[in-house]
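>>> Only the shape, not the letters, is given here:
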């Protein structure tokens with residue numbers, strides 16, 4: 001299943017968290033757990049204006065198993081969540097155990 005466009009992620013991010021998102025870059029992420037691939041995909045980084053807590057956010061989607069639909073993820077940049085990899089770890093801990 002192909003990745004979604006940055007514009008779709010931008011809209012999902014703005015709907016979930018508010019503010020005005022501007023695309024910055026795409027970052028490929030391969031996250032492993034105990035030496036095995038746990039998640040692989042592309043995380044889009046956005047600058048976020050007009051949000052009261054964050055100036056940056058991370059967004060991506062993953063296929064829903066057994067479906068043709070995708071699940072959208074949007075994670076705000078914080079002191080602890082400060083990279084695409086940390087955003088994936090924070091949003092999908094069940095896949096990384």
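Received, thanks. A quick note: this is a predicted structure, and the numbers were derived from the prediction, not measured.
>>> Spell out, range by range, the strands that occur in this protein.
Secondary structure of the chain (DSSP state E): strands at 20-33, 36-49, 56-63, 70-76.
>>> isn't residue 46 right up against residue 11?
No - taking Cβ atoms under 8 Å as the definition, residue 46 is not a contact partner of residue 11, at 11.0 Å. Heads up, the C-betas are built off the backbone N, CA and C, glycines and all.
>>> So which of these two has more stuff around it?
residue 46 (26 against 14; other Cβ atoms under 10 Å).
>>> what's near enough to touch the more buried one?
For residue 46, the contacting residues are 9-10, 13, 21-24, 56-59, by Cβ atoms under 8 Å, 6 or more residues apart in numbering.
>>> Let me know the distance separating the spatially most central residue of the chain from residue 90.
Centrality entry for the chain: nearest residue to the mean C-alpha point is residue 59, 2.8 Å, by Cα atoms, centre = their mean. Residue 59 sits at a distance of 13 Å from residue 90 (criterion: Cβ to Cβ, to the nearest Å).
>>> what touches both of those two?
Both residue 59 and residue 90 are contacted by residue 75, under the criterion Cβ under 8 Å, 6+ apart.
>>> which helix is the longest one in the chain?
helix 6-17 (DSSP state H).
>>> That helix - contacts with which helices or strands?
On a contact count with 3 or more Cβ pairs under 8 Å, 6 or more residues apart in numbering; DSSP states H and E, helix 6-17 meets strand 20-33, strand 36-49, strand 56-63, strand 70-76.
>>> which among the contacts of residue 46 end up buried?
By neighbour count, with 16 or more other Cβ atoms under 10 Å, the contacts of residue 46 hold 9-10, 13, 21, 56-59 as buried.
>>> Hmm, residue 76 and residue 86 touching each other?
No - counting by Cβ under 8 Å, residue 86 does not reach residue 76; the two are 11.4 Å apart.
>>> Compare the two and say which is more crowded by neighbours.
Neighbour tally, residue 86 and residue 76, criterion other Cβ under 10 Å: the higher count belongs to residue 76, 19 against 15.
>>> Perfect, I'm done here.
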